[in-house]
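>>> Fold the following.
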Amino acid sequence: MGQKIHPRGFRLGYVQDWQSKWFSVHKMPELIGEDFEIRRMVSQRFSQASVSWVGIERAGSYLKLTIHTARPGIVIGRRGMDIENLKKDIEALTSRKVFINVSEIKIAEMDPRLVGQSIAQQLEKRIGHKKAIKRAMERTMGSGALGIKIMVSGRLGGSEIARREQFRKGRVPLQTLSADIDYGLTEAMTVMGKIGVKVWIFKKLFFAKTPRELMDQLKKLQSETPLEVPVNIESGKIEEKK
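Below you'll find the model as predicted:
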């Protein structure tokens, strides 16, 4: 199942959060369509701003938009003109009062959508896919990732028959729910046709500790706050008073 389902959707409510936060029983199809149009408008207008994803929150007649990007200056524009124009267009589309926040992504190499966009841009410039993928994987692993997997499919290298190639570095445990794995899909519009780029990045592991880490945590806790109940450090068990 881990290879057949979206890694983010597989972990929603456990270690991942929703990108759209609102609830409506009667207007759900209409609001889902609005979310799609808003995200498409942002991606088309700021195609060169390295926009990763857009968070949408609704409360009554108010709508809050959070744009996560690696280049906030391009999104805001000179004197905030670009962001104001976007605000007016979204208000005309949704008939709501709109508030827009711009959140900067500190490490672009740890975001799978931005990594996929970088590879797609290099493929559009006719750079070899193996060279582009190898460079992206080295940068991501150098930024602190525990693992990365990249899959490209299409007419790679201008070949007549489409094929699929997969590259992996580190470990990417897709079926481990406590693993923080982010996923991104990007398409490169080349002369020979579309090339799909899928990226999985394993960032960290939640709730899992080795026996040594548990022992170090217990020693630190005992040294900082003396316990009234004696604890055997070697076994980690509470000793009974004789």
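>>> buried sites along the lowest-mean-pLDDT helix or strand in the chain?
When each helix and strand of the chain is scored by mean pLDDT, DSSP states H and E, helix 211-224 comes last, with a mean of 76. By neighbour count with 16 or more other C-beta atoms under 10 Å, helix 211-224 contains no buried residues. Quick note: C-beta positions are derived from backbone N, CA and C, even for glycine.
>>> What are the neighbouring residues in contact with residue 169?
Shown in contact with residue 169 (C-beta atoms under 8 Å, 6 or more residues apart in numbering): 137, 141, 147, 148, 149.
>>> From those, which land in helices?
137, 141 (DSSP state H).
>>> follow-up on the earlier one: just the C-alphas of the least confident helix or strand of the chain, formatted as CSV.
Taking Å, rounded to 0.1, in the frame of the first residue of the first chain, the C-alpha atoms of helix 211-224 are listed here in CSV:
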residue,chain,number,x,y,z
PRO,A,211,17.5,1.7,23.6
ARG,A,212,20.6,3.9,23.9
GLU,A,213,18.6,7.1,23.4
LEU,A,214,16.1,6.0,26.0
MET,A,215,18.9,5.2,28.5
ASP,A,216,20.6,8.6,27.9
GLN,A,217,17.3,10.4,28.4
LEU,A,218,16.8,8.5,31.7
LYS,A,219,20.3,9.4,32.9
LYS,A,220,19.7,13.0,32.1
LEU,A,221,16.3,13.1,33.8
GLN,A,222,17.8,11.4,37.0
SER,A,223,20.7,13.9,37.1
GLU,A,224,18.6,17.0,36.7
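>>> and which of the contacts of residue 169 is nearest to residue 202?
residue 147 (3.9 Å; C-beta to C-beta).
>>> gap between the strand or helix carrying residue 85 and the chain center?
Here residue 85 sits within helix 81-94, counting by DSSP states H and E. Taking C-alpha atoms, centre = their mean, to the nearest Å, the mean C-alpha location of helix 81-94 is offset from the chain mean by 25 Å.
>>> quick one, phi/psi of the residue lying closest to residue 193 once chain neighbours are set aside?
Ranked by C-beta to C-beta, 6 or more residues apart in numbering and with sequence neighbours excluded, the top spatial neighbour of residue 193 is residue 155, at 5.4 Å. Main-chain dihedrals, residue 155, degrees, to the nearest 10: phi -80, psi 80.
>>> these two touch, right, residue 155 and residue 192?
Yes. The criterion here is C-beta atoms under 8 Å, and residue 155 meets it with residue 192 at 4.5 Å.
>>> Closest to the centroid, which residue in this protein?
residue 182 (4.6 Å; C-alpha atoms, centre = their mean).
>>> what bridges to that one?
On the basis of DSSP bridges, residue 182 takes part in beta bridges with residue 201.
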